[in-house]
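A.B. asks: What follows is a predicted structure for the sequence shown.
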Amino acid sequence: MLKDIIAVVCLLAICSIGHAQVGGQRSYEFLNIPYSARTSGLGGVNVSLADVDLNMVYSNPALTSDTLSGHLSFNYLSYFADINSFSFVYQHDFGKYGEWFFGANHFDYGTIESFDNTGADLGEVESGETVVYLGRSHSIAHFTVGATFKFVNSSIAGYTSNALAMDIGGVFKHPSQKFTTGLVFKNIGLVTSQYTDTDEAKLPFDVQFGASFKPSHMPFRFSFTGYNLYQRDVSYYDPAQMPADDKPGAFDKIFRHIVIGTELLLTKNVNLRMGYNHLIRQELKLENTSGGAGFSFGLMFRIKAFEFAYSRGGYHVAGGSNNFTLTANTNLFFRKGKL
């Protein structure tokens with residue numbers, strides 16, 4: 001099974017890497033928006049936190065295990081301009097066929113006023129984007145590999161495009177220390193139907209690598225994640241419109257690839273989360289104020305079979321995102337076929 005998956009991934013990777021472009025020139029960018037409260041609270045990107053959180057499989061399909069069988073999670077994201085996201089993920093043990101997780105994420109852009117190229121009002125149109133995914137992982141000693149298959153649909157103002165994509169990732173767990181590393185190739189695939197006959201929509205391919213560790217005598221867990229690693233320079237600078245002082249330096253360019261996340265483990269059932277994303281801060285801050293751009297925070301607490309999480313992602317002085325997550329261990333609900 002895994003050999004077949006890897007063979008398909010290698011084939012699709014050649015297509016995706018060969019057509020990779022700088023952000024802003026790709027479609028389906030909603031795939032990169034963190035929809036779970038934990039990921040958002042830790043800076044928006046994390047591929048190495050391998051513990052009891054099924055939502056992490058969307059970041060890296062190797063971040064799951066058989067202990068998450070029967071876990072069900074719902075997420076709600078309140079984004080900018082009345083944009084909302086609804087998602088769920090569930091993992092089930094299918095016996096001899098192994099354990100599989102599946103889920104869906106829908107972004108609702110609401111109604112958008114439409115105009116033609118002369119400025120004539122064409123009324124309001126509905127827009128939204130959806131991804132449905134299915135995946136599994138397999139562990140060998142201290143290593144876990146996983147893959148996620150995705151079907152992507154985008155409908156913007158009456159124009160529709162579809163794509164098939166895959167994430168493939170791996171995780172290493174240290175046998176004696178609380179240290180994990182993760183590597184993932186995201187959104188490898190191809191566009192099956194374009195918005196228009198002349199359009200060339202492209203998937204937002206990315207390579208991400210990170211590490212998480214918890215010092216033995218500290219109630220903190222730290223994560224460092226690199227993303228956009230296949231692009232050397234992700235900064236934007238226009239000398240014709242921007243002063244020379246705003247030109248990114250070497251350190252600034254490197255740090256734009258890094259996200260820092262920290263969890264304060266108050267108890268087994270209560271955690272606080274903080275994150276910093278330098279790319280978001282540099283790209284979205286204003287000239288005189290940053291408004292908390294790039295910083296995020298959140299919390300999590302468990303009550304019996306339920307886990308609740310909330311996070312606030314700082315993007316701009318005008319506001320940020322609010323993520324809510326509710327996770328349930330259904331194994332504690334149903335015993336011997338009874339509720």
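C.D. replies: Structure received.
A.B. asks: so residue 77 bridges to which residues?
C.D. replies: On the basis of DSSP bridges, residue 77 is bridged to residue 85, residue 323.
A.B. asks: For residue 105, give its distance to residue 88.
C.D. replies: Distance, residue 105 to residue 88, using C-beta to C-beta, to the nearest Å: 8 Å. C-betas here are computed from N, CA, C, even on glycine.
A.B. asks: Please say which of the two ends up with more neighbours.
C.D. replies: More crowded of residue 105 and residue 88, by other C-beta atoms under 10 Å: residue 105, with 24 against 15.
A.B. asks: Can you spell out which helices and strands pack onto the helix or strand containing the more buried one?
C.D. replies: Using DSSP states H and E, residue 105 falls within strand 99-115. Applying 3 or more C-beta pairs under 8 Å, 6 or more residues apart in numbering; DSSP states H and E, one finds that strand 99-115 makes contact with strand 84-93, strand 121-140.
A.B. asks: residues shared between the contacts of residue 105 and residue 88?
C.D. replies: Common contacts of residue 105 and residue 88 (C-beta atoms under 8 Å, 6 or more residues apart in numbering): residue 75.
A.B. asks: Strands of this structure, residue ranges please.
C.D. replies: For the chain, the strands defined by DSSP state E cover 71-78, 84-93, 99-115, 121-140, 143-156, 159-173, 179-193, 206-213, 220-226, 258-267, 270-277, 295-303, 306-316, 319-329.
A.B. asks: Of all these, which one is nearest residue 54?
C.D. replies: strand 71-78 (4.6 Å; C-beta to C-beta).
A.B. asks: Neighbours of the closest residue to residue 332 other than its chain neighbours, how many?
C.D. replies: In space, and not counting its chain neighbours, residue 332 is closest to residue 305: 4.1 Å by C-beta to C-beta, 6 or more residues apart in numbering. Residues near residue 305, counting by other C-beta under 10 Å, number 13.
A.B. asks: again with the one 5 residues further on
C.D. replies: Neighbours of residue 310 under the rule other C-beta under 10 Å: 17.
A.B. asks: That one and residue 67, how far apart?
C.D. replies: For residue 310 relative to residue 67 (C-beta to C-beta), the value is 24 Å.
A.B. asks: same thing with residue 85?
C.D. replies: Taking C-beta to C-beta, one finds residue 85 at 27 Å from residue 67.
A.B. asks: More neighbours: those two, which one.
C.D. replies: Under the criterion of other C-beta under 10 Å, the comparison of residue 85 against residue 67 puts residue 85 first, with 21 against 13.
A.B. asks: can I assume that one is in contact with residue 77?
C.D. replies: Yes: Residue 85 is within contact range of residue 77, at 3.8 Å (criterion: C-beta atoms under 8 Å).
A.B. asks: In the stretch 151-300 of the chain, where is pLDDT below threshold?
C.D. replies: 289 (pLDDT under 70).
A.B. asks: beta partners for residue 111?
C.D. replies: residue 126.
A.B. asks: Does it touch residue 124 like I think?
C.D. replies: Yes: assessed by C-beta under 8 Å, residue 111 is found in contact with residue 124 at 4.3 Å.
A.B. asks: list the buried ones in stretch 158-178?
C.D. replies: Neighbour-count burial for stretch 158-178, counted by 16 or more other C-beta atoms under 10 Å, picks out 161, 162, 163, 165, 166, 167, 168, 169, 170, 171, 172, 173.
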